[in-house]
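Colleague: The following comprises the amino acid sequence and a computationally predicted model.
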Amino acid sequence: EQLNDTLDVERIIRTAIASFYIDRLAGCREALDRVARDGRESGAVASALMALNMISFDDLNAGQWDAAERTAADAGALAEELGYPLYGSSHTYAAALIAARRGDLAACAADSEAMLAWAAPRQLGRLGNFAHHALGEAALGAGAFEEAYAHATAIGGPGSLHTHDPQALWSAFDLIDAAVHTGRADEARAHAEALHAADPGRLSPRFAMVAAAALAMVSPDHTAADLFDEALGLAGIEAWPFELARVRLAYGERLRRLRRARDARLQLEAARDGFDRLGALLWSQRASTELRATGAARRAGVAGGVAALTPQELEVAQLAAGGLSNREIATRLYVSPRTVSAHLYRVFPKLGITTRAALRDALSDTSSNRAR
């Protein structure tokens, strides 16, 4: 609240940077919006760029991925205009994470490779960690657990959390998830215990939930469910929808392996629905695969159709069906071409098609069926 009453841009940025690392960025949002809005006019363009970068991460954490992508693109354009490639790396990191979580593997790889290529000759290991974090999440969503483990351990080995390295904390759950799925029980347990010992829960509900869920993933069968319930019972975790869906997925996976199919379905359905709301396509498919393994019937209407599309996905699909290019659609909707591409990437499986040329018929068929 004090930030909202100050005109000291440096104070706002410094406070927001500190808040970024302890999951309290949302409390700085009003002040950051003001700095980003007024920065160019006042000449504080570097501060505006830093504010935009943090706003994109705030939206990413809150599950507002379209907004996060637009802001990251704005930050990238400003960084290029100013000639600040190092500051620009933050927007690329945000874009790579958005692509990873959406399941756009090609975009995630392109952004990550760009960070690695720029960082390597300058010996900027921090940027390498940015890339490994994004690539690890992308691999986990796709079920490529060996690849995910390689990326997570490139940031830090199992059993220890590097100090002064946020990615070591942010990717800890990735390492444990990948280790569990590749049969590395000792490594998973060591890292879960290291995470618990660091006590990140004192910083935020997200870290408290993740640390508790990590212990649940490596605990004996007779205590796992209670530990997962403890993680999901923490206050404030709804503010972190992606991590919440991931914990529910891990819980459902464990329950299925304990042959508690009915309980597993409840968690897996909640995970799948959470991923669906976010637009996390591959993560949703991963949850759906687990659901089918419990013997659950496929959801009616989930295969596709207009009813399965979000309002913006429908608008993009209709414009694409009308012959507009991604760039033309982006201009009309005031979004980036990448956002258009991401929407179409999610639209195709929902409509049961694989090509742009099939959009018109798919939209017509599903609309006709709905009318009947």
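Modeller: Cool, the structure landed.
Colleague: Do me a favour and get the end-to-end distance for stretch 233-243?
Modeller: Stretch 233-243 has its terminal residues 14 Å apart, counting by Cα to Cα, to the nearest Å.
Colleague: got it, and stretch 317-328?
Modeller: Per Cα to Cα, stretch 317-328 runs 13 Å from first to last residue.
Colleague: from the chain's centre, how far out does it sit?
Modeller: Distance of stretch 317-328 from the chain centroid (Cα atoms, centre = their mean, to the nearest Å) equals 26 Å.
Colleague: Quick check: buried residues in that stretch?
Modeller: Counting neighbours by 16 or more other Cβ atoms under 10 Å, one finds that the buried residues in stretch 317-328 are Ala317, Gln318, Leu319, Ala320, Ala321, Leu324, Asn326. The way it works is simple: take the backbone N, C-alpha and C, and place the C-beta from them, glycine included.
Colleague: Contact partners for the fifth one?
Modeller: With contacts taken as Cβ atoms under 8 Å, 6 or more residues apart in numbering, Ala321 has the following neighbours: Leu359, Arg360, Leu363.
Colleague: if we can go back for a sec, could you dump the buried residues of stretch 317-328 into a markdown table with distance to Leu195 added?
Modeller: Supplementary listing: the buried residues of stretch 317-328 in a markdown table, determined by distance: Cβ to Cβ, whole Å:
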| residue | distance to Leu195 |
| --- | --- |
| Ala317 | 42 |
| Gln318 | 46 |
| Leu319 | 45 |
| Ala320 | 44 |
| Ala321 | 47 |
| Leu324 | 47 |
| Asn326 | 41 |
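Colleague: Identify all contacting residues around stretch 26-33.
Modeller: Stretch 26-33 has contacts (Cβ under 8 Å, 6+ apart) with 3-4, 6, 12, 15-16, 19, 25, 51, 54-55, 58, 61-62, 239.
Colleague: Please convert the buried members of the residues you listed into ChimeraX selection syntax.
Modeller: In ChimeraX, the members of the contacts of stretch 26-33 classed as buried (16+ other Cβ under 10 Å) are selected with the following command:
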select :3,12,15,16,19,25,51,54,55,58,61,62
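Colleague: Determine which two of the contacts of stretch 26-33 are furthest apart.
Modeller: With distance counted by Cβ to Cβ, no two of the contacts of stretch 26-33 lie farther apart than Thr6 and Ala239, which are 24.8 Å apart.
Colleague: ok, residues contacting stretch 260-276?
Modeller: By Cβ under 8 Å, 6+ apart, the surrounding residues in contact with stretch 260-276 are 225, 241-242, 244-246, 248-249, 251-253, 255-256, 281, 283-284, 287-288, 290-291, 294-296.
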